[in-house]
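Enquirer: can you look at this prediction? I've put the sequence above it.
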Amino acid sequence: MPAVLPEIPASYLRRIEVLLASGQRKLLGLVGPPGAGKSTLAQALHQQFPAVSTLVPMDGYHLANAELQRLGRAQRKGAPDTFDSAGYVALLRRLRQQAGTETVYAPEFRRDIEEPIAGAIAVSAATRLVITEGNYLLHHEGYWADVAALLDEIWYVDVDDHLRRERLVQRHEFFGRSHQAAVDWVSNTDEPNARLIAAARHKAHVQFQWPSHG
């Protein structure tokens with residue numbers, strides 16, 4: 001996440017205000033390919049509505065590395081079948097039906113150890129806006145197909161593909177891969193996933209783009 005979060009255009013903030021106007025809990029989904037800036041947007045929105053929002057990323061439902069190894073999917077980490085999609089759907093249902101005295105605990109993905117951590121995010125019943133972000137909110141296979149109906153609005157986060165791939169390479173290098181290993185992972189793992197995600201972009205309520213500055 002950048003040290004200074006970028007400014008969100010007012011038109012998008014007004015959409016959030018409209019969502020919140022009912023006074024009822026709303027679930028906002030941010031979807032897009034790897035490196036699109038979903039986490040940055042989620043943090044920026046939370047910064048705009050800090051008293052009423054909580055971030056609950058989809059990435060907390062990554063399968064553990066040991067399980068990916070057992071299943072023979074470690075080299076495809078990030079593909080749809082490398083997540084506990086049923087668990088994520090169950091969480092969204094709990095968040096929609098949360099009782100007034102209940103705290104719902106969600107997992108968090110830690111990039112420094114490349115593992116999910118259970119129970120890391122507490123969502124109180126008073127939270128009016130749950131912001132969830134991830135790759136497969138619009139995916140049509142398996143349990144993923146149930147996600148969209150559980151969200152009040154879905155934004156597709158769009159960005160120039162060249163910039164997105166540069167960001168991914170830098171991210172993988174930052175977390176320990178060599179430059180060539182990072183390039184290879186982006187080409188062989190991230191990009192096939194990106195094409196799959198982009199194919200469903202037309203299903204989103206909003207196409208979000210950061211404003212261009214020069």
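Expert: Yep, that arrived.
Enquirer: who's in contact with the helix or strand containing Ala42?
Expert: Secondary-structure assignment from DSSP states H and E places Ala42 in helix 38-48. For helix 38-48, contacts defined as Cβ atoms under 8 Å, 6 or more residues apart in numbering pick out 1-2, 5-8, 13, 16, 28, 30-32, 53-55, 57, 131, 133-134, 155, 157, 208. Backbone N, C-alpha and C define where each C-beta goes, glycine included.
Enquirer: mean confidence score for that helix?
Expert: Throughout helix 38-48, pLDDT has a mean value of 96.
Enquirer: same check on stretch 193-213?
Expert: 88.
Enquirer: check the offset of the helix holding Ala42 from the chain's centre.
Expert: Chain-centre distance of helix 38-48: 11 Å, with Cα atoms, centre = their mean, to the nearest Å.
Enquirer: next secondary structure after that helix?
Expert: By DSSP H and E, the next helix or strand past helix 38-48 is strand 53-55.
Enquirer: pLDDT weak spots in this structure?
Expert: 1-3, 212-214 (pLDDT under 70).
Enquirer: biggest strand in it, by residue count?
Expert: strand 115-123 (DSSP state E).
Enquirer: elements contacting the helix or strand that comes right after it?
Expert: Sequence order places strand 129-134 as the next helix or strand after strand 115-123, per DSSP H and E. Using 3 or more Cβ pairs under 8 Å, 6 or more residues apart in numbering; DSSP states H and E, the elements in contact with strand 129-134 are helix 10-20, strand 26-31, helix 38-48, strand 53-55, helix 85-96.
Enquirer: good, we can wrap up now.
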